[in-house]
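Student: following is a predicted model, sequence given first.
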Amino acid sequence: MIIRQHMEAQSNTSSILVPDFLLICFPNYQTWQHWLSLPLSLLFLLAMGANATLLITIRMEASLHEPMYYLLSLLSMLDIVLCLTVIPKVLAIFWFDNKSISFSSCFLQMFVMNSFLTMESCTFMVMAYDRYVAICKPLQYPSIITDQFVVRAAIFVATRNGILTMPIPILSSQLRYCARIIRNCICTNMSVSKLSCDDITFNKLYQFVIGWTLLGSDLILIVLSYSFILKAVLRIKAEGAVAKALSTFCQSHIFKIRASELLFSDLPAIMVSSPNNTGIQVTEFLMICFPGMQDTQHWLSIILAPLLVLALAANFVLLFTIYQEASLHEPMYYLLAILSVLDVILCLTVIPKVRPSQATHFSPSAR
């Protein structure tokens with residue numbers, strides 16, 4: 001009993017001794033941080049400038065005061081908030097070695113990242129519905145897609161994603177922490193929670209379920225919208241109709257690129273090798289996906305496999321349509337075809353390797 005009380009007291013003391021967190025960006029490349037800050041700062045200025053220009057243009061141009069451009073403005077504002085939440089702190093770490101971040105700032109950043117990323121995907125879903133109504137129900141478009149619709153959609157986007165992602169930082173803030181070094185540039189839920197002395201199984205499960213529910217439902221609705229668009233256009237067979245429909249696929253490609261970044265940027269790859277002083281030559285690496293969720297890998301594969309089939313099918317349909325339709329033999333659609341080919345290569349390079357197993361061998365020569 002005395003030992004148990006002592007251990008509990010020691011655990012409580014260790015959690016109290018952690019006043020804040022330390023963000024360690026790229027632990028193996030500390031000497032390169034000043035050089036890494038150069039492209040990051042340029043990308044930051046580019047993103048802020050592009051979104052600010054878009055917002056000003058929509059505000060000043062009266063012909064752009066339409067629901068579709070209001071939704072585009074909402075997407076730009078979400079981008080600006082995400083940029084201001086993440087990149088300035090990363091630049092402060094690179095330039096001034098300001099690695100410390102308070103508890104409240106860390107959990108606020110966690111909330112903004114989780115909620116606003118899902119808000120972006122939800123906005124893409126609303127934009128896909130807007131294109132569906134515009135092409136499949138053009139006569140009803142003015143009565144369905146109105147300014148009131150945009151307001152209700154914006155409230156829905158903010159409320160749904162804000163409420164459902166709010167428990168993630170709240171659950172993390174209730175944990176007792178025994179360490180303070182976060183080996184990440186931002187305060188993600190998993191990076192922070194694994195520093196806790198408590199059991200984080202529920203935290204991981206909740207983020208997994210909410211993430212796949214929100215992003216998965218948005219992706220399914222987007223695909224359904226564009227499927228109906230393509231079906232309607234191919235049935236009409238009007239001159240130029242296919243070109244008009246395919247122009248809307250640019251938005252879906254942007255979503256797929258963002259979804260791919262969200263999906264694979266958090267796949268931890270642990271490369272296991274022997275120490276150099278043993279004289280043993282390393283012939284392969286060992287990749288471990290989701291180290292804390294090994295038991296759920298087969299369930300993850302059930303979700304990942306349909307996404308692979310869906311991505312490949314969508315790109316092949318796009319390529320086939322551009323090839324068959326003479327009116328699409330134009331530079332813009334050639335560039336779109338190149339984007340689809342690159343998307344197919346990326347999918348075939350990454351997703352088949354991520355198969356359900358506890359460890360996947362990976363030869364260095366295949367890199």
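Tutor: Cool, the structure landed. Numbering: from 1, shown residues only.

Student: state the distance from residue 61 to residue 69.
Tutor: 9 Å (CB to CB, to the nearest Å). Backbone N, C-alpha and C define where each C-beta goes, glycine included.

Student: of these two, who's got more company?
Tutor: residue 69 (17 against 10; other CB atoms under 10 Å).

Student: point out where the chain drops to low pLDDT.
Tutor: Residues of the chain meeting the criterion pLDDT under 70: 1-18, 236-304, 325-328, 330-333, 335, 354-367.

Student: report the buried residues of the biggest helix by length in it.
Tutor: What stands out as the longest helix in the chain, according to DSSP state H, is helix 201-236. Buried positions in helix 201-236, judged by neighbour count with 16 or more other CB atoms under 10 Å: 203-204, 206-208, 210-211, 214-215, 218-219, 221-223, 225-226, 229-230, 233.

Student: next one: stretch 32-48
Tutor: Quick answer for stretch 32-48 (16+ other CB under 10 Å): 33, 37, 40-41, 44, 47.

Student: residue contacts, residue 154?
Tutor: residue 74 (CB atoms under 8 Å, 6 or more residues apart in numbering).

Student: helices of this structure, residue ranges please.
Tutor: Going by DSSP H, the chain shows helices at 2-16, 33-60, 67-96, 103-136, 141-144, 147-165, 167-173, 189-193, 201-236, 241-247, 249-264, 297-324, 331-350.

Student: report the angle between the third one and helix 147-165.
Tutor: Orientation note: helix 67-96 sits at an angle of 40 degrees relative to helix 147-165 (axes from the mean of the first three to the mean of the last three CA atoms, to 10 degrees).

Student: how far off helix 103-136 does helix 67-96 point, in degrees?
Tutor: Using the same axes, to 10 degrees: helix 67-96 against helix 103-136 is 150 degrees.

Student: could you name the helices and strands sitting against helix 67-96?
Tutor: helix 33-60, helix 103-136, helix 147-165 (3 or more CB pairs under 8 Å, 6 or more residues apart in numbering; DSSP states H and E).

Student: okay, the angle between that helix and helix 33-60?
Tutor: Using the same axes, to 10 degrees: helix 67-96 against helix 33-60 is 160 degrees.

Student: follow-up on the earlier one: as a markdown table, the buried residues of stretch 32-48 with distance to residue 176 would be great.
Tutor: Formatted as a markdown table, the buried residues of stretch 32-48 follow (distance: CB to CB, whole Å):
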| residue | distance to residue 176 |
| --- | --- |
| 33 | 31 |
| 37 | 34 |
| 40 | 34 |
| 41 | 37 |
| 44 | 35 |
| 47 | 37 |
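
Student: wait, isn't residue 118 in contact with residue 165?
Tutor: Yes - counting by CB atoms under 8 Å, residue 165 is a contact partner of residue 118 at 6.2 Å.

Student: more neighbours: which of the two?
Tutor: For residue 118 versus residue 165, neighbours defined as other CB under 10 Å are more numerous around residue 165 (26 against 23).

Student: contact partners for the more buried one?
Tutor: Residue 165 touches 111, 114-115, 118, 210, 214, counting by CB under 8 Å, 6+ apart.

Student: for residue 80, state which of the residues you listed is nearest.
Tutor: Within these, the smallest distance to residue 80 is 14.7 Å, found for residue 115 (CB to CB).

Student: what number of residues are in the vicinity of the closest one?
Tutor: Neighbour tally, residue 115, other CB under 10 Å: 24.

Student: one step back: which residues do residue 118 and residue 165 both contact?
Tutor: With contacts taken as CB under 8 Å, 6+ apart, residue 118 and residue 165 have residue 214 as neighbours in common.

Student: now the closest residue to residue 94 other than its chain neighbours: how far from residue 57?
Tutor: In space, and not counting its chain neighbours, residue 94 is closest to residue 37: 3.8 Å by CB to CB, 6 or more residues apart in numbering. Distance, residue 37 to residue 57, by CB to CB: 30 Å.
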